[in-house]
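Asks: need a 3D model of the following:
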Amino acid sequence: IPLLNTSSATTMASMFRSCTKLTEIPQLDTSNVTNMFNMFAFCPNLTTIPLLDTSKVTNMEGMFNGCTNLTTIPLLDTSKVLSMKSMFNSCTSLTDESLNNILAMCANATSYTYTKTLAYISLTSEQATKCTTLSNYSAFTSAGWTTGY
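Replies: Modelled structure (predicted):
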């Protein structure tokens, strides 16, 4: 993917959806984006995501759905996020550091009103069990979240 001028974009919904040969994403200006619904969904060869400005994003539903080889999720700003349903469906290769970042993202999702479980955002029961041993787990539970398993 070449360098893209995305500075005026407000939605990136399904932007890279089903890009099955995509392995990496260039740095993108996402400072005005509010909708990342299915942005990287069904990109099975994607392994890492760059740090994105998600400070205005309200919809992250299905954002990484089907990214089976995704290992690295940076700590994304989720303070305005309303929906994270199925955000990590089939993301079975996430590192412990990425799982810990996900716990922090859940804890920081102060606008979020849906079901507050790792099952709802589609982490597996094995991943949820692993999360209980990570450093951000107590902040996660203090914010009203549970594993859901």
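
Asks: give me the contacts around the longest helix belonging to the chain.
Replies: Identified as the longest helix of the chain according to DSSP state H is helix 96-107. The contact list for helix 96-107 (Cβ atoms under 8 Å, 6 or more residues apart in numbering) reads 71-76, 78, 84, 88, 94, 112, 116, 118, 121, 123, 127, 130-131, 134-137, 139-140, 142-143, 145. Glycine gets a C-beta too; all of them are placed from N, C-alpha and C.

Asks: wait, a helix at residue 127?
Replies: Yes. Under DSSP: H, G, I helix; E, B strand; the rest coil, residue 127 falls within a helix.

Asks: measure it to residue 79 for me?
Replies: Shown here: residue 127 relative to residue 79, a distance of 23 Å by Cβ to Cβ, to the nearest Å.

Asks: again with residue 110
Replies: 6 Å.

Asks: ok, now residue 137?
Replies: When residue 137 is compared with residue 79 (using Cβ to Cβ), they lie 20 Å apart.

Asks: thinking again about what came up before, quick one, which of residue 110 and residue 79 is more surrounded?
Replies: residue 79 (15 against 10; other Cβ atoms under 10 Å).

Asks: now do the SS call for that one.
Replies: Per three-state DSSP, residue 79 ends up coil.

Asks: quick one: it and residue 60 touch, right?
Replies: No. Contact between residue 79 and residue 60 fails when scored by Cβ atoms under 8 Å: they sit 11.8 Å apart.

Asks: now residue 146. Nearest residue, chain neighbours left out?
Replies: Of all residues not flanking residue 146 in the chain, residue 117 sits nearest, at 5.3 Å (Cβ to Cβ, 6 or more residues apart in numbering).

Asks: got the phi and psi for the one you found?
Replies: phi -140, psi 150 (degrees, to the nearest 10).

Asks: may I have the predicted confidence score for it?
Replies: Note on residue 117: pLDDT of 98.

Asks: show me the contacts for it.
Replies: Residue 117 sits in contact with 145, 146, 147, 148, where contact means Cβ under 8 Å, 6+ apart.

Asks: start to end distance for stretch 56-73?
Replies: 18 Å (Cα to Cα, to the nearest Å).
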